[in-house]
Structures are given as C-alpha cells and as structure tokens.
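*Asks:* give me the fold of what follows.
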Amino acid sequence: MKARIAGACLAAGVAVSAVLMAPSAVAAPQFDRAMVGAAAVQLGLAPAQAAQRLDQEQRLSRKLADLQAAGMPTDGAFFDSAGALVVTTSDAKRAKDAGLTPRSGVRGERALNDLSGRVQQAIGADKAQVQTWGPDVAIDRVVVTVEPTAGDALVLRLSQMDGVIVETGAAKLVRNADVVPGRIMDLVPGTNCSLGFNGTRNGAKVLLTAGHCVEGNPDILDANGTHIGKGAGTRFPSVDMGIVNIDAEDTQRAYVDTRNGTTVRITGSSKAPVGTTICKAGNTTGWTCGKITHYNQSVRYSGESVTTTGLARATVCTEGGDSGGAYISGNTAQGMTSGGPSNAECGYNQGANATGFYSFYQPVVDAASYYGVTLLTS
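*Replies:* Numbering: from 1, shown residues only. Here you go, the predicted model:
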C-alpha cells in the first residue's frame, strides 16, 4: 500500500489538529479525536476516560524510556488491559518506584527473539505454508500463523516446539503498494503509495517510506502531479524500509495529515510498548486506528519468495495504496505501512470502526537509524 503522511507532507495549509482534553487539573497532551475514539472503542470507556488512558500510556512510556536510558535492565514491555505498563526486569524496586509493573520468571523478549529464529529453521522449505511468525511479549510465546492449506506435518512440528503457538490465517497477506505524511505519493511510472516521515540526512531533505514503494528509485509526484523527489534506496524485501530524496525547493512539514481536515504534530519517534493506541494516515483508507500488538514479526507476503522481517503488527486497518503511510501514537512517530490481509475492508476515515483487521508496519526508528536520518519534528 502506498500512503501519504501529512507530517512529511510537502504541502501547506492543513488545519490545526483536533483536541480532546482529559478532565483534570493538569492538561493532558493533545490527541486526535479519532485516536481518542479508537481507545474508547477498544477499552469500552467514555471519550474523556479514553483521553486519560492515552495520557497515561504516553507518561508511562516516557518513564520506561528514561529508566532504560539510565541503565535499568529490561527484557520486553507491554500495556495490560488495565493500562499498567508491565516490564520484564530484574530491578523490580526501581520499576515499581517509577509506577511500572515489574515481571520476572518469563522467557522475555530476547529469548523469544532467539526462539523465533529457531522457528524459522524449523519451517525450512515449508515457508510457502506460513504467513507470519514472531514474538508475542504479552503472552511470552512465539506465534506462528500458517496458511489455511498448511500441512499437518508442519503444524505438528511447530506445535511441538516449547513456547510456540500455531494459528491458522484467514486471508492472504499483500503488500500495501500505492505513495504527504499520510498523503498520496504518485510513482512514475503508474502506481502510488503514501508519504511517510520527513527528515534530513547530511543536511539534505529526505523522506522515509516503505521500501517496496521505491523499488527502482522512481520519480515521486504529489497529488497535483508536481515533482517532489526521487527514490534513493530500498531494503525490501528483507525489511520494508526505503528513502526518498526530496527536491530542495519543497517545504517539509512536521505533522501527519489525518485526511479528515486535521493534523497531528510529530514531536519525536519511538517503539511504543505493545498495547499502545496507534493511528495511521494513508491515501486509500485515510485515518484508521487500533493498538500495537507485536514487534519483530517475520511476514511472507503472498507471491513473495523472500520473508520480510523486523515488522510491527497493529489492529489498524489498511488497504492497497496505504503503503508507506505514517503510523503515530499520540505525537510520536511509530512507522510506515507495509501490508496486511487482502480481504480488508476499511472504508475511509473510519477511525476505530474498521475493526477485525490488522496490518504490519516498518518501525520508523529502525529505518531512521539505518539510513542516518534525523526526523523532522515540531
């Protein structure tokens, strides 16, 4: 899918972001109304309560990041259904003092990543029977999703591995290939994606997007057919990150266009904990929301012989043409659309109402680190 990002958008004049404030003495951060709506639907809360939960997610995530920067050992984290940030750590007291919930006696994220590698070896030549595999930190297992036609021998082989759960997928997975953050990115020749996140590299203007959108380094046009850049590199299909050189005369914006008349400022980037509320902007389906469910997922898209690794998964609905578009949590950039089920029916600007689907995205911090990009923030 190819999608656009208003934060990385190269056009001016987008309206100011909608605001919903939590009812408290201290003003909560500003959250897009659809993001609040998504949290309300997921949690069964009133919008004001959902806004408070979003504020709590952002506050606890910052505390975790501060502790990690100060050297506290961690081995995975996730938000539970009550909104607590559960952290696997050997320093329980330090975590509790910061308002986090420590956890021990589990495999942990590093061991799950190692187990995921052994799963790949066990799959071996039967890769065409598998859709995805990767860690689920919350349940402390590696989950493998197989094709409905997967053979019994493969399912049995994987199911017998300690710490592995096997599920059957319901649909084929497809790349979301069509290309301002969140706005359309037309590719020459003849296809489109969505724009990801603006940034700079060695003083030059660049944009991060999905790697499959910029295979062959195409010329990039905006919705008016104006040339705005050219593909400058891709790592697809091993991962799904790509970079675009933006024309010097164009203006980069540090906000995401929600495609519904509002924008969301970009103030930083991260890999937010599993369970965090997240929304994406894309050219085909507009603004859809959900929550982060997994990291470090390996995905075999239908028709591809090579597995794409290092992807995150979320309960956010996407369709073809959303690819490359921006995922954001609160005001923190998270990633760019990679793909999802071929039978997704998201509607347009459905917020959290396009339920029952999921998608994969390339974490932006990994792409920025690899390409040496400093994201544009406001």
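
*Asks:* in contact with R110, which residues?
*Replies:* D75, G76 (CB atoms under 8 Å, 6 or more residues apart in numbering). (Each C-beta comes from the backbone N, C-alpha and C, glycine too.)

*Asks:* ugh, wrong one, I meant T307
*Replies:* Residues counted as contacts of T307 (CB under 8 Å, 6+ apart) are Q120, K127, P237, S298, V299, R300.

*Asks:* how about C279?
*Replies:* Here C279 is in contact with 32, 34-35, 38, 258, 264, 287-290, 316, 327-329, 351 (CB under 8 Å, 6+ apart).

*Asks:* which SSE is the residue lying closest to L311 once chain neighbours are set aside in?
*Replies:* Nearest non-adjacent residue to L311, counting by CB to CB, 6 or more residues apart in numbering: F360, 4.3 Å away. Following DSSP states H and E, one finds F360 within strand 359-363.

*Asks:* hang on, the earlier thing: in the sheet, who's paired with the residue nearest to L311?
*Replies:* R313, G339 (DSSP bridges).

*Asks:* residue numbering should commence at 57 henceforth.
*Replies:* In the new numbering, first residue 57, that becomes F416.

*Asks:* count the residues that sit near it.
*Replies:* By the measure other CB atoms under 10 Å, the count of residues near F416 is 25.

*Asks:* lowest-pLDDT helix or strand in the protein?
*Replies:* strand 229-231 (a mean of 77; mean pLDDT, DSSP states H and E).

*Asks:* direction included, what does it pair against?
*Replies:* Strand 229-231 has these strand partners (DSSP bridges): strand 388-397 (antiparallel).

*Asks:* before we move on, the earlier item: in helices only, show me the contacts of C335.
*Replies:* Within these, residues falling in helices by DSSP state H are A90, M91, A94.

*Asks:* can you report how many residues lie near the last one?
*Replies:* Meaning A94. Counted with other CB under 10 Å, the neighbours of A94 add up to 30.

*Asks:* now it: how far from D88?
*Replies:* 9 Å (CB to CB, to the nearest Å).

*Asks:* of the contacts of T363, select the buried ones using a ChimeraX command.
*Replies:* Restricted to buried positions by 16 or more other CB atoms under 10 Å, the ChimeraX selection for the contacts of T363 reads:
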select :176,293,354,355,356
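
*Asks:* inside helices: which ones of the contacts of T363?
*Replies:* Reading helices off these with DSSP H, I get Q176.

*Asks:* and the two most separated of the contacts of T363?
*Replies:* Spanning the widest gap among those are Q176 and P293, at 15.0 Å by CB to CB.

*Asks:* what segments of the stretch 57-206 of the chain are strands?
*Replies:* For the stretch 57-206 of the chain, the strands defined by DSSP state E, counting those that start in this stretch occupy 133-135, 141-144, 157-159, 186-192, 197-202.

*Asks:* could you dump the ones you listed to a markdown table with mean pLDDT?
*Replies:* Conversion of the strands of the stretch 57-206 of the chain to a markdown table gives the following (pLDDT from 0 to 100):
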| stretch | mean pLDDT |
| --- | --- |
| strand 133-135 | 98 |
| strand 141-144 | 98 |
| strand 157-159 | 98 |
| strand 186-192 | 97 |
| strand 197-202 | 97 |
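
*Asks:* I'd like those as CSV, with distance to K327 and mean neighbour count appended.
*Replies:* Below are the strands of the stretch 57-206 of the chain laid out as CSV (distance: least, CB to CB, whole Å; neighbours: other CB atoms under 10 Å):
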stretch, distance to K327, mean neighbour count
strand 133-135, 10, 24
strand 141-144, 14, 24
strand 157-159, 18, 18
strand 186-192, 13, 24
strand 197-202, 19, 22
